[in-house]
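*Asks:* missing the sequence, but the structure's below:
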């Protein structure tokens, strides 16, 4: 393998900008999905649906609806990984970082989450986002590179 092919160069500015972009995609589309499912069911929207562990309980209908929004967000989050990161090897890193930042934001908003349903939902969503992101990135990485054969005329 050539030394320069897909070599990884340490670029902190690129990594930080990718983290910010993935986190932005995560929250923008989470807001979209929460608004979509709330509008579909007639529930009122609240910031607690993002950051409060009380709103992520499988025992209430509102909690189930919010869980659906988080699960749908894994699809758009994986699409964000594909569009921003574009490397299957880094999808788990960026998915874990996005969910770790979400944990920090939840801890700031309401305190450290202790609910089993909150942890189960977020760990499952992180795993799904990473696996689906790796799948779509790998499909892109493994696409055949078109090679055109040009006929070379030799002059004799």
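*Replies:* Good, I have the coordinates. What you see is a predicted model, and the numbers here were worked out from it, not measured in a lab.
*Asks:* Can you tell me the element residue 125 falls in?
*Replies:* With elements taken from DSSP states H and E, the one containing residue 125 is helix 116-141.
*Asks:* in terms of contact, does residue 29 touch residue 78 like I think?
*Replies:* No: in terms of C-beta atoms under 8 Å, residue 29 does not count as a neighbour of residue 78; the distance is 10.6 Å. Every residue, glycine included, has its C-beta placed from N, CA and C.
*Asks:* between those two, who's got more neighbours?
*Replies:* residue 78 (23 against 20; other C-beta atoms under 10 Å).
*Asks:* in the helix holding residue 125, what counts as buried?
*Replies:* Of the residues in helix 116-141, 118, 121-122, 125-126, 128-130, 132-134, 136-137 count as buried by neighbour count, 16 or more other C-beta atoms under 10 Å.
*Asks:* go on, stretch 107-118?
*Replies:* Counting neighbours by 16+ other C-beta under 10 Å, the buried set in stretch 107-118 is 113, 118.
*Asks:* First-to-last residue distance for it?
*Replies:* Taking C-alpha to C-alpha, to the nearest Å as the measure, stretch 107-118 stretches 12 Å from start to finish.
*Asks:* ok, residues contacting it?
*Replies:* Contacts to stretch 107-118, defined as C-beta atoms under 8 Å, 6 or more residues apart in numbering, come from residues 47, 51-54, 56-58, 63, 67, 103, 106, 119.
*Asks:* Please apply the same query to stretch 33-49.
*Replies:* 50, 54-56, 61-62, 65-66, 68-70, 72-73, 76, 109.
*Asks:* returning to that earlier point: would you list the buried entries among the contacts of stretch 107-118?
*Replies:* Buried members of the contacts of stretch 107-118, scored by 16+ other C-beta under 10 Å, are 51-53, 56-57, 63, 67, 103, 106.
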